[in-house]
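Participant: Make a model of this:
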Amino acid sequence: MRRPNRTARTLMTGLVATAVASAGLLTAGAGAANAASAPADGHAWANPIPAHVYTPYFESYNGDDPATLAAESGAKYLTMAFIQTAATGSCTAYWNGATTTPLTSATYGSSIAAIQQAGGNVIPSFGGYSADTTSTDIADSCTSVSAIAKVYENVFTTYHASRIDLDVEANALTDTAGIARRNQAIAEVEAWGAHTGHNVSFSYTLPSTENGLGATGVALLQNAVAEHAEIAVVNAMTFDYYDGIVHEMGTNAETAATGLHAQLATLYPYKSSGDLWAKIGLTLMPGIDDYGAPETTTLADATNVEAWAASHGLGSLSIWALQRDNGGCPGTSGAGTCSGIAQSTWAFDKILEPFTTNRHRNS
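Facilitator: Here you go, the predicted structure:
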C-alpha cells in the first residue's frame with residue numbers, strides 16, 4: 001500500500017498464531033457447499049472469495065492476531081499485508097521480510113483457519129510500498145519465474161487461500177523486468193491451478209489518480225494481457241494523491257473507478273461493461289491520509305461509495321487498514337493505528353461490510 005512515511009517495523013512475534021494441529025484444521029467447517037474443488041493434495045478449498053467482497057487490509061507487522069480482529073470488527077475476509085523477501089536477490093519470501101515469520105502453517109496458520117471456520121478467508125498480499133522501494137517484492141528480487149511461481153503456489157496450498165493480492169507501486173511500477181516476471185509467474189500458477197484442481201485467482205492493487213490508473217499501472221496491465229495472466233480484480237488505491245488539490249474523497253473514488261472502467265475496456269474489449277465493473281476494486285484510507293487534511297475520507301464518503309459500488313457491481317471494496325478503523329488520534333495524518341477523525345471503533349467496517357452480502361442492486 002502506498003504509505004510514503006511508512007518505515008520498516010520490528011515484527012512482534014508473540015501474537016503470531018501457532019502451528020495448525022493437523023491439515024484437517026485448515027478446512028474444518030468449510031462444508032461441501034463452500035468447497036470449490038478437491039485438489040490433488042486432498043484438501044477441500046475453504047470459502048472462495050465472493051464475486052463482490054469487502055476485504056480490508058490487515059497490517060500483519062503490527063503484531064495483532066488477524067482472527068481476533070476479524071471477529072471483533074465483523075470483517076469476514078481480510079487482505080493480509082505484506083509478503084516480501086528479506087533481501088534483494090533472494091527467492092525466499094517471508095511475512096514482512098522477517099526470517100522469523102516464514103510462509104508456513106506455523107505462522108498465522110491457526111488464525112487463518114479460524115477465519116475460514118467462521119465462514120471467511122484471507123487474501124495474502126505481496127509487495128507494498130516498503131518492498132516496492134527496496135526491490136524486495138518477490139518478482140523484483142528473484143530472477144527465476146518458476147521460483148516466483150513456486151512461492152505463490154506455496155501460499156495457496158499452505159494457507160488454503162483462493163486469491164493472492166499483488167500490491168505494486170513506487171519503483172516496482174517501472175521495473176519492467178520484474179513486471180514481466182510477475183505476470184509470467186501468475187500465468188504459470190494459473191496453469192498449475194487448472195491442472196491440479198486448485199482454485200486460484202490474483203488481484204492487482206495499484207496507485208490511482210482521481211480519474212483512473214496512471215500510465216505505469218496501465219502498462220503493467222498491458223503486460224499481463226500479453227503474458228496471458230488473468231487478473232480477477234484491479235484494485236485502485238484512492239488516497240495519497242499528493243497533487244495539492246483539496247479532494248472530495250468519496251466522489252473521487254467513484255471517478256477513479258469510472259476512469260479505470262474505461263481503461264479496462266481498452267485492455268479487454270471482448271468483456272461486457274458489467275464484467276469490467278466486476279474487475280474493479282476500490283481501497284479507501286479511513287480518515288486523514290498521509291498527505292493530510294485536504295485528503296480526508298469521512299464516514300459519509302464510505303456510505304456513498306458502498307452504495308455506488310454496489311449499484312455498479314464492483315468486485316471489491318477495501319480500506320487501508322483495519323487497525324486504523326477507530327478515532328484514537330483526532331487530527332493526525334497517516335497514522336498506522338487510527339484514522340485521525342472522530343469516529344467509533346469499526347465505524348468504517350460496519351458501513352462497508354454489507355457490500356459482501358446482498359447489496360448488489362444491478363444483479
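Participant: Helices of the chain, start to end?
Facilitator: 23-27, 31-34, 66-73, 109-117, 129-132, 138-141, 145-159, 176-196, 215-226, 249-267, 273-278, 299-312, 347-352 (DSSP state H).
Participant: got CSV for these, with mean pLDDT and distance to Asn326 too?
Facilitator: Any C-beta I mention is one placed from the backbone N, CA and C, and that applies to glycine too. Below are the helices of the chain laid out as CSV (pLDDT from 0 to 100; distance: least, C-beta to C-beta, whole Å):
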stretch, mean pLDDT, distance to Asn326
helix 23-27, 32, 31
helix 31-34, 31, 31
helix 66-73, 98, 10
helix 109-117, 96, 21
helix 129-132, 97, 22
helix 138-141, 98, 32
helix 145-159, 98, 27
helix 176-196, 97, 34
helix 215-226, 98, 31
helix 249-267, 98, 18
helix 273-278, 98, 31
helix 299-312, 97, 12
helix 347-352, 98, 8
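Participant: Nearest to Tyr54, out of these?
Facilitator: Tyr54 lies closest to helix 347-352 among those, at 4.8 Å (C-beta to C-beta).
Participant: hmm, who's touching that closest one?
Facilitator: 54, 56, 73-75, 284, 286, 299, 302-303, 306, 317, 319, 322, 325, 327, 339 (C-beta atoms under 8 Å, 6 or more residues apart in numbering).
Participant: With adjacent residues omitted, what lies nearest to Thr297?
Facilitator: What sits nearest to Thr297 in space, not counting adjacent residues and going by C-beta to C-beta, 6 or more residues apart in numbering, is Met249, at 4.2 Å.
Participant: can you tell me which residues contact that neighbour?
Facilitator: So Met249 contacts 238-239, 284, 295-298, 301 (C-beta under 8 Å, 6+ apart).
Participant: rerun that using 7 Å as the cut-off
Facilitator: Neighbouring residues of Met249 by C-beta atoms under 7 Å, 6 or more residues apart in numbering: 239, 295-297, 301.
Participant: Over to Ser144?
Facilitator: Cys91 are the contacts of Ser144 under C-beta under 7 Å, 6+ apart.
Participant: ok, it to Phe348 distance?
Facilitator: Separation of Ser144 from Phe348 (C-beta to C-beta, to the nearest Å) stands at 40 Å.
Participant: got it, and Ala86?
Facilitator: In terms of C-beta to C-beta, Ala86 sits 33 Å off from Phe348.
Participant: What subset of the contacts of helix 347-352 is buried?
Facilitator: Neighbour-count burial within those applies to 54, 56, 73, 75, 284, 286, 299, 302, 306, 317, 319, 322, 325, 327, 339; the criterion is 16 or more other C-beta atoms under 10 Å.
Participant: taking the residues you listed one by one, which sit in strands?
Facilitator: Using DSSP state E, the subset of the buried ones among the contacts of helix 347-352 located in strands is 54, 284, 317, 319.
Participant: Okay, now the unreliable bits of the stretch 1-150 of the chain?
Facilitator: Across the stretch 1-150 of the chain, the ranges flagged by pLDDT under 70 are 2-46.
Participant: one step back: which one of Ala86 and Phe348 is surrounded by more residues?
Facilitator: Shown here are Ala86 and Phe348; by other C-beta atoms under 10 Å, Phe348 has more neighbours (30 against 14).
Participant: who are the neighbours in contact with Ala302?
Facilitator: Counting by C-beta under 7 Å, 6+ apart, the residues that Ala302 touches are 284, 348, 351-352.
Participant: Of those residues, just say which sits nearest to Thr158.
Facilitator: Nearest to Thr158 out of the contacts of Ala302 is Leu352 (C-beta to C-beta; 28.3 Å).
Participant: excluding its backbone neighbours, what's nearest the closest one?
Facilitator: Tyr54 (4.8 Å).
Participant: Would you agree the one you found is in contact with Leu317?
Facilitator: Yes - with contact defined as C-beta atoms under 7 Å, Tyr54 reaches Leu317; the gap is 4.9 Å.
Participant: Find the residues that touch each one of the two.
Facilitator: Common neighbours of Tyr54 and Leu317, counting by C-beta under 7 Å, 6+ apart, are 352, 355.
Participant: List the buried residues for stretch 64-80?
Facilitator: Of the residues in stretch 64-80, 64-67, 69-70, 73, 75-80 count as buried by neighbour count, 16+ other C-beta under 10 Å.
Participant: list the contacts for Ala51?
Facilitator: If you count contacts by C-beta under 7 Å, 6+ apart, then Ala51 has 278, 315 around it.
Participant: ok so, going back, please report the distance of the residue nearest to Thr297 from Tyr152.
Facilitator: Using C-beta to C-beta, one gets 33 Å for the distance from Met249 to Tyr152.
Participant: okay, Tyr291: pLDDT?
Facilitator: We have a pLDDT of 97 for Tyr291.
Participant: With adjacent residues omitted, what lies nearest to it?
Facilitator: Closest to Tyr291 by C-beta to C-beta, 6+ apart is Tyr242, at 5.3 Å.
Participant: next one: Leu220
Facilitator: Ile179 (5.3 Å).
Participant: now swap in Gly128 and tell me
Facilitator: In space, Gly128 is closest to Phe82, 3.9 Å off (C-beta to C-beta, 6+ apart).
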